[in-house]
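Asks: Take this sequence and fold it.
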Amino acid sequence: MNIKSAFPSRFLKAADLQGRRVVGTIHTVSMEDIGDDGQKPVVYFEGKEKGLVLNVTNANMIEEIAKTPETEDWAGVQIVMYPTKVDFSGRRVDAIRVDYPSNGKPKAPPPPDDGSGDDIPF
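Replies: All right, here's what the predicted structure looks like:
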């Protein structure tokens, strides 16, 4: 038995993604008591039970993808979640990060032409 399975959670953990990038469509966002961390926004997805507890990094990314800071306007927005490692309190821990869905990521603008005719910018 994997000991992590002995402690089920109503919130998504990095291990739930099984090393994959997962697309989710936001259904609702609600403020919930997360225990010792107090109240935080939790994103719930269409057809899924577990919610993603938002940290500032992921909240900012969803705001960018949704093009609004108003969480009530996030319903229907698709995001990609992926597992990664981050530094937290001096140690590496598993985490979930959010990204654009592959069809929605804006393209980076081309670099400005400085008129030098040289392809190398330095």
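
Asks: give the contact list for the residue nearest the centre of the chain.
Replies: For the chain, the residue whose C-alpha lies nearest the mean C-alpha position (C-alpha atoms, centre = their mean) is residue 98; its distance is 2.2 Å. Under the criterion of C-beta atoms under 8 Å, 6 or more residues apart in numbering, the neighbours of residue 98 are 52, 58, 61-62, 65, 79-81. The C-beta positions use only the backbone N, C-alpha and C, and glycine is treated the same way.

Asks: Please repeat the previous calculation with a cut-off of 10 Å.
Replies: The contact partners of residue 98, taken as C-beta atoms under 10 Å, 6 or more residues apart in numbering, are 24, 43, 52, 54-55, 57-62, 64-65, 79-82.

Asks: so residue 44 makes contact with residue 29?
Replies: Yes. With contacts defined as C-beta atoms under 10 Å, residue 44 counts as touching residue 29 at a distance of 7.4 Å.

Asks: Spell out which residues are contacts of both of those two.
Replies: Common neighbours of residue 44 and residue 29 are listed as 51-52, 75 (criterion: C-beta under 10 Å, 6+ apart).

Asks: Residue 44 and residue 29 - which one has more neighbours?
Replies: When residue 44 is set against residue 29 and neighbours are counted by other C-beta atoms under 10 Å, the residue ahead is residue 29, at 21 against 18.
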